[in-house]
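> Task: produce atomic coordinates for the following.
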Amino acid sequence: MGNSSKYFSNKECEYYPCHKNIEDMNCLFCYCPMYTRAKCPGNPEYKMTDGRKVKVCTNCTFPHNPENYDVIMGILKDKQAYNPYLPLNEYIPDGEPHVFGDRIYIFGSHDKEGGHTFCMEDYVTYSANINDLTNWRYEGVIYKASQDPQYPKLKYMFAPDVVEGNDGKYYLYYGMGGIYGFGGYVGPISVAVADNPAGPYVFHGFVRNKDGSPMEKYVCFDPAVINDNGVIRLYYGTQYGIDGSEEAMRNREFEETCLVMFGVTEEEFRSYKDNMMGPITVTLEDDMLTIKEEPKHCIPYDVRGTGFAAHPFFEGSSIRKVGDKYYFIYSSWQNHELCYGVSDKPDEGFVFGGTIVSNGDIGFNGRKENERLNMTGTTHGSIVKIKDKWYVFYHRLTHKSDYSRQSCAEKIYFDENGFIKQVEVTSAGLNDGPLRSQGKYPAVIACNITNGMMPHGSNSVYEEEFPNVTHKDDERFIAEIEHGTLIGFKYLKFDGDYSLKVVVRDDELNKVKFDGPLRLDERCVGSMDEKHRIYYASSNPTDECFFEIRLSEFGEAIGRIPLYDVGKEWKECLGGFYDVNGVYPLYLVYHGNKKIQLKEIIFED
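Numbering: from 1, shown residues only. Here you go, the predicted model:
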């Protein structure tokens, strides 16, 4: 058989043939593109290694049989990407996306599913080929908290960033902290190094002054780093207190809070001529540790009278260079949105650009805070160019807390002046177009989940009941769905009549119980306000339970799914709608006098 676009035999390879008893071995799929898929047409075996089930394909020849080429390509073309784009049991917030070679890597913190504080797990990373954003490969644990000299006094690793040094190695910058973030504002920035983006990384040292002592100027929190044509630039910081006036800064209660958080004396706190808080930048030597000059603000602490005044910096520094412009991406004091500033210079002159994304769609098309479409809370992320398209990576909240955050992504667009218009959160995310109105979808890919008065979470776990993404055993679903809950999926392409199933069960009979300590930050008090509730169901709840199907948030019903005899076990319930053509959101509005859980939606053939 001759070589072609569908067949390639590399008989000069030192491993040829890598499988026995096969003629005309096709080497085109040297690495099987179906390895990461739970279901594939081959005959893999599985073994347990270090407590994990590992897929073993030693005896599988499916991808190497020439006649299977079209089958494999059909499977690959059929897969879609949706938010969250990683496995549903994975929680990587604070995502910094970077393209190294022909792969896109996501580096971030690592939350525990249903955890009781931030970043309880060691760093892991996933990567995808830039030509296939549907297929993310688990790269394993790349660095452990126990490798840092500050462990176990500080147990958790917070938001990291990775950069390629001038020596071709990869450097991981991060900070350590304790439960609820305590201790995270005290101490230096740690650095680890590896030969490859996916590690494994080893501890390299602390960012240090020229005399070798740890650099602890300003607040060394949430580091971001860029190799700017050979110049290594580090950004970091946090900021409390929007009003930078002298009166506010002399507020004794505020000042005492800062002294405790930052671990400094009153004299040290007041020794900064500008302010100890705010976004900071400094350049590093080629050793990736030693500062070249004194750190400085890249954006002033006091932003009154500037474009930043309504969206001041809080945390989550990230830096990108787009053409000859520098984009400083950050989490604002609103605590649910990623904003950005733009400058011709890397260390000053930034002007406010706008909001890129809010995890509750606040601000999108004028949406107000009380109209948030999800529980909102801490966010952190950045932007990246993958081939010819730009994306923003951010995270959403699950489990009624700030401590189980999942990475999501959306396409973004620059206008002719280099500004980014705010984008809405969607279910489609990295997908190349709207999702198909075919087959089965996990309910938890819903991009809008609201009862009309969703709370804002900030370093909190809520006890109050409201609809939320959660898990029990090895299942993920939406729980505590009450009368008037709106669940939205954006966007899908429709072309005709549809039968739609939902998989539901009784919530009270399957109650998810949080087994950790509850915590409510003072910034969250009063965010669930019945007075400003948005009503998605006009009638009062009755014994008749059903989902109303809509194509817009407040639109007319186009169909209904009756929910009969919903009990302890999962049950499929069938409804439908007709003559829908085009690209639309799909909304399910729940009506009923008992709370339910939703696991899947299924488009029937």
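
> Show me the shaky parts of the stretch 101-250 of the chain.
242-250 (pLDDT under 70).

> For it, which segments are assigned as strands?
103-107, 123-129, 137-143, 156-157, 161-164, 170-174, 176-177, 190-194, 202-206, 224-228, 231-236 (DSSP state E, counting those that start in this stretch).

> again with the stretch 451-600 of the chain
456-457, 468-472, 475-481, 486-506, 546-550, 559-562, 571-591, 596-604.

> ok, now which ones touch Glu475?
Residues near Glu475 by C-beta atoms under 8 Å, 6 or more residues apart in numbering: Lys599. All C-beta spots, glycine's among them, are computed from the backbone N, C-alpha and C.

> who does the spatially most central residue of the chain bridge with?
With distances taken as C-alpha atoms, centre = their mean, Ser407 lies nearest the centre of the chain, 1.8 Å away. Taking DSSP bridges as the rule, Ser407 bridges to His395.

> same check, this time on Phe328
Beta-bridge partners, per DSSP bridges, of Phe328: Ile319, Gly341.

> Domain-wise, how is the chain divided?
1-78, 96-412, 435-604 (automatic domain parsing).

> how far does the longest one stretch from start to finish?
Between the opening and closing residues of domain 96-412 there is a gap of 16 Å (C-alpha to C-alpha, to the nearest Å).

> now do the last one
From its first residue to its last, domain 435-604 covers 15 Å (C-alpha to C-alpha).

> distance of the closest residue to Phe100 other than its chain neighbours from Arg103?
Excluding its sequence neighbours, the residue lying closest to Phe100 (C-beta to C-beta, 6 or more residues apart in numbering) is Pro197, at 4.5 Å. Noted for Pro197: a distance of 8 Å to Arg103, by C-beta to C-beta, to the nearest Å.

> Overlap of the contact sets of those two?
Ser127.

> Residues contacting stretch 422-432, please?
Against stretch 422-432 from outside (C-beta under 8 Å, 6+ apart): 80-85, 133-134, 354-359, 361, 363-365, 373-374, 391-392, 396, 408-413, 434-435, 445-448, 489-491.

> Now, of those, which are buried?
Among those, those classed as buried by 16 or more other C-beta atoms under 10 Å are 80-85, 133-134, 354-359, 361, 363-364, 373-374, 391-392, 396, 408-412, 434-435, 445-448, 489-491.

> which parts of stretch 592-605 are buried?
592, 594-601, 603.

> Max pairwise distance over these: which two?
Lys594 and Phe603 (26.3 Å; C-beta to C-beta).

> Tell me where the stretch 1-150 of the chain has helices.
When assigned using DSSP state H, counting those that start in this stretch, the helices of the stretch 1-150 of the chain occupy the ranges 69-78.

> Just the CA trace of stretch 323-337, in CSV.
Coordinates of the C-alpha atoms in stretch 323-337 are reproduced here as CSV (Å, rounded to 0.1, in the frame of the first residue of the first chain):
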residue,chain,number,x,y,z
GLY,A,323,1.4,43.7,18.9
ASP,A,324,3.3,46.6,20.4
LYS,A,325,0.7,47.1,23.2
TYR,A,326,0.8,45.8,26.8
TYR,A,327,-2.5,44.4,28.2
PHE,A,328,-2.7,44.2,32.0
ILE,A,329,-5.5,41.8,32.9
TYR,A,330,-6.8,41.7,36.5
SER,A,331,-9.7,40.8,38.8
SER,A,332,-11.5,44.0,39.9
TRP,A,333,-12.8,44.9,43.3
GLN,A,334,-16.3,43.9,42.0
ASN,A,335,-14.8,40.4,42.4
HIS,A,336,-16.7,38.8,39.6
GLU,A,337,-15.1,40.3,36.5
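
> Count the neighbours of Leu520 for me.
Neighbours of Leu520 under the rule other C-beta atoms under 10 Å: 17.

> what sits against it?
Contacts of Leu520 by C-beta under 8 Å, 6+ apart are 460-463.

> give me phi/psi at Asn448?
Main-chain torsions, Asn448, degrees, to the nearest 10: phi -130, psi 120.

> For it, give the beta-bridge partners.
Bridge pairing for Asn448 (DSSP bridges) gives the partners Gly488.

> From here on, call the first residue 254.
Sounds good: first residue 254 from here, last item Asn701.

> Now that it has come up, it's in contact with Lys743, right?
Yes: taking contacts as C-beta atoms under 8 Å, Asn701 lies within contact range of Lys743: 7.4 Å.

> Name the residues of stretch 688-705 that come out as buried.
688, 690, 694-705.

> ugh, typo on my part, it should be stretch 278-294
For stretch 278-294, the neighbour count (16+ other C-beta under 10 Å) marks 278-282, 285-288, 290, 293 as buried.

> Quick one: residues contacting Tyr335.
Contact analysis of Tyr335 by C-beta under 8 Å, 6+ apart lists 680-684, 688, 694, 698.

> need the buried residues of stretch 845-858 in JSON lines with pLDDT and distance to Thr534, can you?
Output for the buried residues of stretch 845-858, formatted as JSON lines (pLDDT from 0 to 100; distance: C-beta to C-beta, whole Å):
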{"residue": "Gly845", "pLDDT": "96", "distance to Thr534": "54"}
{"residue": "Lys847", "pLDDT": "96", "distance to Thr534": "54"}
{"residue": "Lys848", "pLDDT": "98", "distance to Thr534": "49"}
{"residue": "Ile849", "pLDDT": "98", "distance to Thr534": "50"}
{"residue": "Gln850", "pLDDT": "98", "distance to Thr534": "47"}
{"residue": "Leu851", "pLDDT": "98", "distance to Thr534": "46"}
{"residue": "Lys852", "pLDDT": "98", "distance to Thr534": "47"}
{"residue": "Glu853", "pLDDT": "98", "distance to Thr534": "47"}
{"residue": "Ile854", "pLDDT": "98", "distance to Thr534": "46"}
{"residue": "Phe856", "pLDDT": "96", "distance to Thr534": "50"}
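
> Test my guess that Tyr404 contacts Asp375.
No: using C-beta under 8 Å, Tyr404 is not in contact with Asp375, being 10.7 Å away.
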